[in-house]
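Engineer: A predicted structure for the sequence below; I have some questions about it.
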Amino acid sequence: MTMKTRTSLIVLTLLASAFAGCSKHSPDSTALAPFTPEKPLQVAASPVPAPAGRSSADVPTGSFQLSSVGISQALTLYAALADAQLLTEPRVQTLPVSIAYTNHQDLTRAEAIKSFEEALHQQAGLVFEHQDARHIAVRLDTNSVSK
């Protein structure tokens, strides 16, 4: 075997192993998939108008009152509020956590989204990456402690 042939085989082997990936890091563990809720969102009541003398907010005080809600239900509400499709890591939808959240003041829609994201980060270790106006990636924070 000549040196030129041997070098070509080595380069080909290196390229093949680079494209094959490393077995330590499964590509499925970081792949994002569209979020599919367990049940369709059912709105219990229509929005409450702001009382006289108070400014009209997108999300009036107490509009969100969640107590021991599963992660799938919480993400369904979040997706509706954000009016976006969620792209989640597969393990996000199976987190064994209960979410509690209430907005204690009038909020704009943007403030409500940020507030809900903060609650989901604190309670479930989720991070949100706004990819564009209609898509949000939801991942587990690698720096947070397992819940």
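Structural biologist: The structure has been received and is ready for your questions.

Engineer: Find the helix or strand that residue 76 is a member of.
Structural biologist: Using DSSP states H and E, residue 76 sits in helix 71-82.

Engineer: which parts of the following helix or strand past that helix are buried?
Structural biologist: Next helix or strand after helix 71-82 toward the C-terminus (DSSP H and E): strand 85-88. In terms of neighbour count (16 or more other CB atoms under 10 Å), strand 85-88 has its buried residues at 86-88. (C-beta placed from N, C-alpha, C; glycine too.)

Engineer: go on, stretch 70-82?
Structural biologist: 71-79, 81-82.

Engineer: Would you mind giving those as a markdown table with pLDDT and distance to residue 103 added?
Structural biologist: Formatted as a markdown table, the buried residues of stretch 70-82 follow (pLDDT from 0 to 100; distance: CB to CB, whole Å):
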| residue | pLDDT | distance to residue 103 |
| --- | --- | --- |
| 71 | 93 | 19 |
| 72 | 91 | 21 |
| 73 | 92 | 17 |
| 74 | 93 | 14 |
| 75 | 94 | 17 |
| 76 | 93 | 17 |
| 77 | 92 | 12 |
| 78 | 94 | 13 |
| 79 | 94 | 17 |
| 81 | 93 | 11 |
| 82 | 93 | 15 |
